[in-house]
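In: sharing a model that was predicted from the sequence below.
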Protein chains: 2
Amino acid sequence: MAIVLAGGAVLTVNAADEFLPAADIRIEGARIAAIGAAGTLAQPADQVIDASEALVTPGLVNVHTHAATAFFRGLADDRPRSFWEGYAVPGQETFTLDHYKTSVRAACSEFLLNGITCIADRLGDMQHIAPVVEQTGIRAVVGHTITDNRVPADWRTVEGLLERYGTDPRARVSAGIAPHALDTCSDALLKECARRAERTGARVFIHVAQSEPEVAAVQARGHAGALACLAASGLATANTVAAHALYLSEAEIDAWPTYGIPIAHCPASNLKIEARTLPLARLAGRVPIGLGTDWTVTNNSMDLLAEARLAALVGKMRADDPTVLGVRQMMRMLTIDGARVLGIERQTGSIEPGKHADLAIFDLARLEANPAHDLASNLIYSISPRSVRDVMVDGELLVRNGKLVRDDEAILARASRHLGAAG
Amino acid sequence: MAIVLAGGAVLTVNAADEFLPAADIRIEGARIAAIGAAGTLAQPADQVIDASEALVTPGLVNVHTHAATAFFRGLADDRPRSFWEGYAVPGQETFTLDHYKTSVRAACSEFLLNGITCIADRLGDMQHIAPVVEQTGIRAVVGHTITDNRVPADWRTVEGLLERYGTDPRARVSAGIAPHALDTCSDALLKECARRAERTGARVFIHVAQSEPEVAAVQARGHAGALACLAASGLATANTVAAHALYLSEAEIDAWPTYGIPIAHCPASNLKIEARTLPLARLAGRVPIGLGTDWTVTNNSMDLLAEARLAALVGKMRADDPTVLGVRQMMRMLTIDGARVLGIERQTGSIEPGKHADLAIFDLARLEANPAHDLASNLIYSISPRSVRDVMVDGELLVRNGKLVRDDEAILARASRHLGAAG
C-alpha cells in the first residue's frame, strides 16, 4: 500500500524551483515514488490524503539545535554578552538526566509541529539523548559534544554513537563528530576530530566565532582568527559545519567561500545574545547555508519559518539592500540548502522522485496563507506554525491535522511546564 | 449574567506589571468588574470559562494597519526602495471596492485570530471600509486618508466618519484624522489637520519620514526635516501618531522626546522595504511607542507577537546591546503603550477593574508556551498564533478555541484566495 498526497499545491524546491499548483505525490515506503497531475496517481489500495486545500513543501531542515535544553526556555533573557562566557544557565547544576530526556522529547515534538522534519542536534550525554530523538521519529544527525579544556576528550561516547547510528546519510538517525567550540578545544583535539572524520566518514559540527572572547582565545593560541584556526587543524573543509560564524573579520568573510565551509546560521539566537548578525547576503549562494534555531535559552523559539523571515529581514538591513535574500533563496535555505549543510541533500530537502518522503503540509484554509499570489512568499513572510497541518518523515505521518501521532502535545506540555528551576 | 475567566495565569500589565499565577477575572457587560483569587469570583448564574491551562493577557494593540489591503499579500516582495515611490501595488487599478471589503473582513479576522483586539486602521474609502471593520467586532480607530498633492483634500468623507463614529475613546470604533504623509500633504493641509483635530478632539495619524524621497520633498519646502515640518504645522504634539519615523537625523532623534510625539513602529515593514530600522532603544520609554503590522504587501504578516520579537531583536542590534528592550518593556509595547499611542489607555491595554474586557487567552497546553519559568518571556520570544485560544473585545468572545465566533475562517480564506491579481 502506498500513500498518495492528492491534489496539493507543491513547492518542489527542485533545481528549477518548480511550483505545481495541483499535483499528486505518490509515496511508497520511505520514498517518493512519483509526482504527477492531480487525480492521476492513486490506486484502489492506496491511502489517499486530501491535499487540495494544502501547500506541500519539503520538510524544514533545522541545522543547529540542542533539543535537550528546551526546558531552559525563559531562564536567561536580555543578559549582557559577558553572561554567556561558558554558556552556563542558572540552576543548571540541579537538572537531572531525566529533565533532559523529557525536554528532548518535548523539543522534537515541537519541531515536528512546526513543520521541521530534520535536525542536527548536539549536547553532552548524547548516548542517552539520541535514543529519545529516535523515538520521536524526526530525522536527525546527532553529535556528542566533546571538549578538552578541563577534562580529556570523551572519545568513548563519540565512538559508541558512531557505532550505534553510523554515518550513512540514508539512515533516519546518523552520527557526527561534535567538538564544542574553537576556544574549548585544543588545536590537538581539533586535529584529531579532522582525522577521525576522515576515517569514519562523519561530518564535523562545531561552534565557530560565536563570541569575541572565543576569537580572542584562538588568537592567544597564535591563530590570526577563527578561519585560520579551522584551517590549521584541517577543519576548513566542506565537511565541517560551522555554527554562527559571527565574529569574522572582513578578510575572513572574503576568504570563507574559498574553503567552502557550510554555515549554520542562527539569526534569532545571535541577535538575542550578541546583538549581532553575520553578513548573510555576502555569503549566501557562495557556501551552503542553513538555518538553525539553536538552544532554547538563547532564542527562545523553535519556529524555523520565523528564523527564515528574520534572516531575510535582518540580512536586508545588514546589506543595506531590500532586494537581497529573496523569497526563493530563503525557501531553499529552509530546505535543500539546509540538507546540503548536513550532507544529506540526496536524501531530503526537495520533493523529487527517489528522495525520502520528508514533507510539511500547510493548511491553506488559514487566513495567513492567503491570498494565493505567491505561496512561497506566504511561507517565508506570513505563514506561522498555526498553519502546519501534516508532517511526514520517511513516508511516516508524525503530525496529522495539527496533532502529534506518536505523542500527545498537552501531556508533553504539562510534563515540560514545571521542569527544572521552575519545578 | 457575568462571564468569569477562571483560574488563569494573568499578565495584568498594570502599573506594577503584576503577574497572577492563578486568578479569576469577572467581566460584567463590556467591563472588567473584578480580579480575584482562583475560584472566588464565579456566582451560580455566571458563564464560567476555564482558564486553568491558559495565559490571559490584555488584547494586543496594533497601532498601524491598512486592513483593506490584505489581498495584496505577496504581490511585491524584495523590491528596491525606488519601487515604493507612490506606494502603488501591481494591478491595483483593477481592484474594486468589493475586493477591499472582502479583504478588510479577512484581515480583521486574522488580527483577532492572532490575539489582536485593537487596530488603528487607515486607507482611502474609509466610509465603506469602517462598517466592515465594525462588523468583525474588533476595536478600531479608523481614519480616512487625505492628501492634496493631486486633488483637493476630501474633508467631506473625514467629516462623515467623525460624525458617524465620534472621537470618544470608549466607543468600540472611533474616528481620527489621517493625512497621508508629509510629502503628499501641503503645509496648509497639515495645519488644517491640526486645527480640526483641536476642534473635534480627534487624534491625527500620519506617515512620517518613511523614505528618503519623503524627507527630501519636505526639505524642498524649506523645512530642516520631518520633525521641523510637523512642528511648523502644529502637529508635533502628543496628539499626533507618527508612523515609521525611520529617516530622522541624529538631531531629530535627540529632540523627538521634547515634543512627545507617539510613534507607530513597524519593524518588519521597515526592514522589508527600506532595509532599515529606527533606534528603538533610544526612544522607548521617552515617548509612547506601539507596534504596527502596517499593510500586508510590505510585511506581509499580521502577527503582532512576531513584530514584538523582531523589534526587540533588531533593536538590540541597532543599540549594540543585548540587554535593552527587555521582555517587560516589549510586553508593555504590545499592550498598554500601544493603547497610550492611540489615546485609549484608560479603556484598554491592561487587565484592571473598570477597564474594557479586551483580552487574549493563550493555550498553555501548547509546547511553545512551556516551561513556565517566565510566561511573559514565552509570549515575546516563543509563543506563536498557534497558541491563541480565545479573544474577547468589550467582554464579547470573538475567538473561541482558536475559531472565529462571528465568521468562518475557511470560508473567508477561500474568498481571499483568488482576490485581485491572482483571480
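Out: Sure thing, it's come through.
In: got a list of what residue A:278 touches?
Out: By CB atoms under 8 Å, 6 or more residues apart in numbering or on different chains, residue A:278 lies in contact with A:244, A:245, A:246, A:248, A:263, A:265, A:270, A:318. All C-beta spots, glycine's among them, are computed from the backbone N, C-alpha and C.
In: keep only those of those residues that are in strands.
Out: Residues from these lying in strands, with DSSP state E as the criterion: A:244, A:263, A:265.
In: most neighbours of all those, which one?
Out: Within those, residue A:265 tops the neighbour count with 29 neighbours, counted by other CB atoms under 10 Å in any protein chain shown.
In: show me what it bridges to in the sheet.
Out: residue A:291 (DSSP bridges).
In: separation between it and residue B:166?
Out: Look at residue A:265 and residue B:166: by CB to CB, to the nearest Å, they are 51 Å apart.
In: show the average pLDDT along the helix or strand harbouring residue A:218.
Out: For residue A:218, the enclosing helix or strand under DSSP states H and E is helix A:212-220. Average pLDDT, helix A:212-220: 98.
In: quick one, helices of chain A?
Out: A:97-113, A:126-136, A:155-165, A:187-200, A:212-220, A:226-232, A:250-259, A:267-274, A:280-283, A:304-319, A:327-334, A:336-342, A:375-381, A:409-417 (DSSP state H).
In: ok, now how distant is the residue of chain A most remote from its centre from residue A:31?
Out: Going by CA atoms, centre = their mean, the residue of chain A most distant from its centre is residue A:44, 37.4 Å out. In this view, residue A:44 and residue A:31 are 21 Å apart by CB to CB.
In: tell me the contacts of the residue farthest from the centre of chain A?
Out: With CB under 8 Å, 6+ apart, residue A:44 has no contacts at all.
In: the residue of the stretch 101-250 of chain A found nearest chain B: neighbour count?
Out: Going by CB to the nearest CB, chain B is nearest to residue A:110 of the stretch 101-250 of chain A, at 4.1 Å. Residues near residue A:110, counting by other CB under 10 Å, number 28.
In: what about the closest residue to it other than its chain neighbours, neighbour count?
Out: Using CB to CB, 6 or more residues apart in numbering or on different chains and skipping residues adjacent in sequence, the residue nearest residue A:110 is residue B:367, 4.1 Å away. Residues near residue B:367, counting by other CB under 10 Å, number 28.
In: who's in contact with residue B:367?
Out: Shown in contact with residue B:367 (CB under 8 Å, 6+ apart): A:106, A:109, A:110, A:113, A:409, A:412, A:413, A:416.
In: next up, the contacts around the fourth one.
Out: For residue A:113, the contacting residues are A:385, A:388, A:391, A:399, A:402, A:404, A:409, B:367, B:386, taking CB under 8 Å, 6+ apart as the criterion.
In: next step: those restricted to strands.
Out: Going by DSSP E, the strands hold A:388, A:391, A:399, A:404 from the contacts of residue A:113.
In: what's across from the nearest residue to the second one once chain neighbours are set aside in the sheet?
Out: On the basis of CB to CB, 6+ apart, the spatially nearest residue to residue A:391 that is not a chain neighbour turns out to be residue A:399, at 3.8 Å. When bridges are called by DSSP bridges, residue A:399 pairs up with residue A:391, residue A:404.
In: surely residue A:399 and residue A:385 touch.
Out: No: using CB atoms under 8 Å, residue A:399 makes no contact with residue A:385, being 10.6 Å away.
In: and the closest residue to residue A:226 other than its chain neighbours, how many residues sit next to it?
Out: Excluding the flanking residues, the one nearest residue A:226 by CB to CB, 6+ apart is residue A:209, at 3.9 Å. Neighbours of residue A:209 under the rule other CB under 10 Å: 26.
In: settle this for me: residue A:209 is touching residue A:246, isn't it.
Out: Yes: here residue A:209 reaches residue A:246: they are 5.5 Å apart, a contact under CB under 8 Å.
In: so what's the spatially closest residue to residue A:13 that is not a sequence neighbour up against?
Out: In space, and not counting its chain neighbours, residue A:13 is closest to residue A:350: 4.4 Å by CB to CB, 6+ apart. By CB under 8 Å, 6+ apart, residue A:350 lies in contact with A:12, A:13, A:14, A:58, A:335, A:336, A:339.
In: how much space between residue A:350 and chain B?
Out: 21 Å (CB to the nearest CB, to the nearest Å).
In: tell me the predicted confidence for the closest residue to residue A:105 other than its chain neighbours.
Out: Counting by CB to CB, 6+ apart, residue A:132 is the residue found nearest to residue A:105 once chain neighbours are left out, at 5.3 Å. What the model reports for residue A:132 is a pLDDT of 98.
In: same deal with residue A:90?
Out: Confidence for residue A:90, expressed as pLDDT, is 86.
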